[in-house]
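Student: Following is a predicted model, sequence given first.
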Amino acid sequence: MGKRKNSYDNILNAAEAVVLKVGAAHMTLDSVARKAGVSKGGLLYNFSTKEILLKAMVSRLIRCFEEERIKKIAKMKEEPAREIKAHILSMLARNCRTDRSASALLAAIAYNPKLVEPIRKDGLKFMAEITTPGLGFERKAIILLAAMGLHLQEVLQVSCLNEKQRKGVITELLRLSEG
């Protein structure tokens, strides 16, 4: 299983690199196999179509954010706003891995807008699961949308905030999440 897992992740890393270089529309399974250093048969064993490969990239990004959120929760003291705070901190953690994955995902979504559906479902699920006392739906949505907006700006490398302002915004989002 370890070899398959490494091969699987290696192929996903290669696919992200190819998408970032040429775009999802021009990504081919051959180019991904070459970049990953695997045979096309090895790639097809894991991902039988380009669509399945792109969907796997989306799933991995969702999984990475969830794993990061769980790590943040584990490090936080027990408090009512712990879940939403962990979500904010995990989304806005500076992480080359997830930023690169998110950039590749944006390119993939531009190629196939249906790929956004798992992300939408994950967001809806998360919104429903967070039950911070004193934090109504609208406030919760505003906080999460602000964090997502900042994350998107950073992925697109168009954020107008300097580091001090960024830290201030994150501090304020955390304060607002306390209800």
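Tutor: Done, it's in. Residues are numbered from 1 along each chain as shown.
Student: residues in contact with the residue positioned nearest the centre of the chain?
Tutor: The chain has Leu61 as the residue nearest its centroid, 4.1 Å off, counting by CA atoms, centre = their mean. Contact analysis of Leu61 by CB atoms under 8 Å, 6 or more residues apart in numbering lists Thr98, Ser101, Ala102, Leu105, Ile119. Every residue, glycine included, has its C-beta placed from N, CA and C.
Student: Could you tell me how far the second one is located from Glu129?
Tutor: Using CB to CB, to the nearest Å, one gets 23 Å for the distance from Ser101 to Glu129.
Student: between these two, which one's more packed in?
Tutor: Applying other CB atoms under 10 Å to Ser101 and Glu129 shows that Ser101 carries more neighbours, namely 24 against 8.
Student: Quick check: chain neighbours aside, which residue is closest to that one?
Tutor: Leu61 (4.5 Å; CB to CB, 6 or more residues apart in numbering).
Student: Report the distance from the strand or helix carrying that neighbour to the chain centre.
Tutor: Here Leu61, judged by DSSP states H and E, is contained in helix 50-75. Distance of helix 50-75 from the chain centroid (CA atoms, centre = their mean, to the nearest Å) equals 6 Å.
Student: what mean pLDDT does it have?
Tutor: Averaging pLDDT along helix 50-75 gives 89.
Student: in that helix, what's buried?
Tutor: For helix 50-75, burial by neighbour count (16 or more other CB atoms under 10 Å) applies to 50, 53-58, 60-62, 64-65, 68-69, 72-73.
Student: helices and strands around the lowest-mean-pLDDT helix or strand in the chain, which ones?
Tutor: Here the helix or strand of the chain ranked lowest by mean pLDDT, DSSP states H and E is helix 96-111, holding a mean of 77. Where contact means 3 or more CB pairs under 8 Å, 6 or more residues apart in numbering; DSSP states H and E, helix 96-111 is packed against helix 2-22, helix 50-75, helix 137-155.
Student: closest to Gly123 out of these?
Tutor: Smallest distance to Gly123 across those (CB to CB): 7.9 Å, for helix 137-155.
Student: Flag every buried residue along the closest one.
Tutor: Quick answer for helix 137-155 (16+ other CB under 10 Å): Lys140, Ile143, Leu144, Ala146, Ala147, Leu150, His151, Glu154, Val155.
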